[in-house]
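# sequence below, structure please.
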Amino acid sequence: MPSINTLVIGAGPAGLAVSRLLNDAAVDHVVVERGRVADRWRTERWDSLQLLSPNWASRLPGWSYDGDDPTGYMAAAEVVSYFERYAGSFDAPVREEVTVEHLRRGAAGFLVGTTDGTWQARNVVMATGWCDLPFIPPAARELSPVVAQLTPTSYRNPEQLPAGGVLVVGASASGVQIADELIRVGRDVVLAVGRHSRLLRRYRGMDIWWWLDRIGRFDKAIDEVPDPEQARSEGSIQLIGRPDHRDVDVGTLQTLGVRLAGRLRRVAGSQVEFAPDLAATTTASDSRLHHTLADIDRHIAAAGLEAEVTAPERPAPLRDTTGLDHLDLTRAGISTVVWATGFRRSYPWLDVPVLDGVGEIRHRRGVTPVPGLYVLGQRFQHRRDSNFIDGVRHDAAYVARHLAGASTRRRGDAVALLTSKNVTSA
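Sure thing, here's the model as predicted:
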């Protein structure tokens, strides 16, 4: 049975980030990946998907975007190449096509059973990501079998769908982007709108991501928010990365012809009912948007940037907030439902008592209550951007420092290296 100091599960941005830091600190480790490096970007993304964040905001330890379009948005294939080059830059010890089958405590740490044998590891870092399994609400079981059902991980393009209209359930990033793509190719689209976070792609002449970074919105720690549970469950922001910098939100979709409804409430065959909450939901989202824009305006004034940016413009509210209350899918010609209703985490291989009552990993800044067991890539793990490519580097540095300090106390140089400015700010 091979023995290793640290075994990392997952070769996405979180797993690769901590691998780079452990490599720099000479901590013996291996990364196991059920598919290939950046596998979800290869197999669970639709064809036209591009990053929500600009290319410059793809910083990882010892690595940053060096192409000729820093303000553009990488497509999925480019993201895969970006991570592959990153892994190659430090010869990451990744073992691809190795699936973890069980993780349990052992005499000297953990026993990790995989399709390539069992490892004995003193430490384990779970970096399987936040977007693990698409959440499909129980109501989906009541839908007529003649209606096709997809999720953002199984949707690829409009041509994949049967002829007819589409009901998209969920108005966070995935839902609005898929609805936008479908309406622009002439599909009839209905969007069921739940809680969401509206943003503008650009504000006062700059990309909104630049402003959020500049005003410290991404720096906010989970300890600073009044309701951590709610903060972690917020819908992902309504944005799309395109060269024309267009907005995608319920207002722009309504203008394009998408019919809006409130939260999906009940399904019975081809009959679908919606809650009468579209007005309240969009009003709350607009209120949060205007609060963010006001913060940016205050920053501009305080920093003396007024002469360098354009004048403030506030987006208009939704034109019609009536919303559908009922829909007969058959009569409306709707043949497909896309469940863009978020993601859940699943750890069927985890045989260590570290999950809370709803199946999430208990931790503080990635350090679980079980000595030697860590997690990375969770939403709002510590900072608001913890599950973004650009944000995971901060949590990876913290976990790597903690891990190195716990397991390599004999090598003080490792801890010193991990705390150096060059590594933590890369």
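# just confirm residue 211 is within a helix.
Yes - according to DSSP: H, G, I helix; E, B strand; the rest coil, residue 211 belongs to a helix.
# how many neighbouring residues does it have?
As a burial measure, residue 211 scores 22 neighbours (other CB atoms under 10 Å). C-beta here means a position set from N, CA and C on the backbone, and glycine is covered the same way.
# ok, it to residue 287 distance?
18 Å (CB to CB, to the nearest Å).
# name the residues that touch stretch 376-387?
The contact list for stretch 376-387 (CB atoms under 8 Å, 6 or more residues apart in numbering) reads 10, 12-15, 17-18, 125-130, 217-222, 225, 228, 231-232, 360-361, 363, 365-366, 375, 391-392, 394-396, 398-399.
# err, stretch 166-174, not the other one
Looking at what lies outside stretch 166-174 - CB under 8 Å, 6+ apart - the contacts are 52, 137, 152, 175, 178-179, 182, 187-194, 196-197, 235-239, 250, 264, 272, 327, 329, 334-342.
# any idea how far apart the tips of that stretch sit?
Using CA to CA, to the nearest Å, the end-to-end distance of stretch 166-174 comes out at 14 Å.
# in helices, which of the contacts of stretch 166-174 fall?
175, 178-179, 182, 250, 329 (DSSP state H).
# which one (most neighbours) among the residues you listed?
Neighbour counts for these, by other CB under 10 Å, peak at residue 175, which reaches 29 neighbours.
# residues touching that residue, list them.
With CB under 8 Å, 6+ apart, residue 175 has these contacts: 152, 168-169, 191, 338, 340.
# repeat that for 7 Å
By CB atoms under 7 Å, 6 or more residues apart in numbering, residue 175 lies in contact with 168, 191, 340.
# then residue 157?
Per CB under 7 Å, 6+ apart, neighbours of residue 157: 46-47.
# one more time with 10 Å, if that's ok
Residue 157 makes contact with 46-48, 178, 181-182, 185, according to CB atoms under 10 Å, 6 or more residues apart in numbering.
# show me which of the residues you listed are buried.
For those, a burial check counting by 16 or more other CB atoms under 10 Å picks out 46, 48, 178, 181-182.
# pLDDT and distance to residue 298 added to these, as CSV?
Below are the buried ones among the contacts of residue 157 laid out as CSV (pLDDT from 0 to 100; distance: CB to CB, whole Å):
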residue, pLDDT, distance to residue 298
46, 96, 38
48, 96, 36
178, 98, 35
181, 98, 36
182, 98, 38
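# save those residues as a markdown table, and put in distance to residue 76 too.
What follows is the buried ones among the contacts of residue 157, written out as a markdown table (distance: CB to CB, whole Å):
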| residue | distance to residue 76 |
| --- | --- |
| 46 | 8 |
| 48 | 9 |
| 178 | 14 |
| 181 | 14 |
| 182 | 18 |
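# between these, which sits nearest residue 162?
residue 182 (12.6 Å; CB to CB).
# where does the chain have its least confident helix or strand?
Within the chain, judged by mean pLDDT, DSSP states H and E, the helix or strand with the poorest mean is helix 421-424; its value is a mean of 36.
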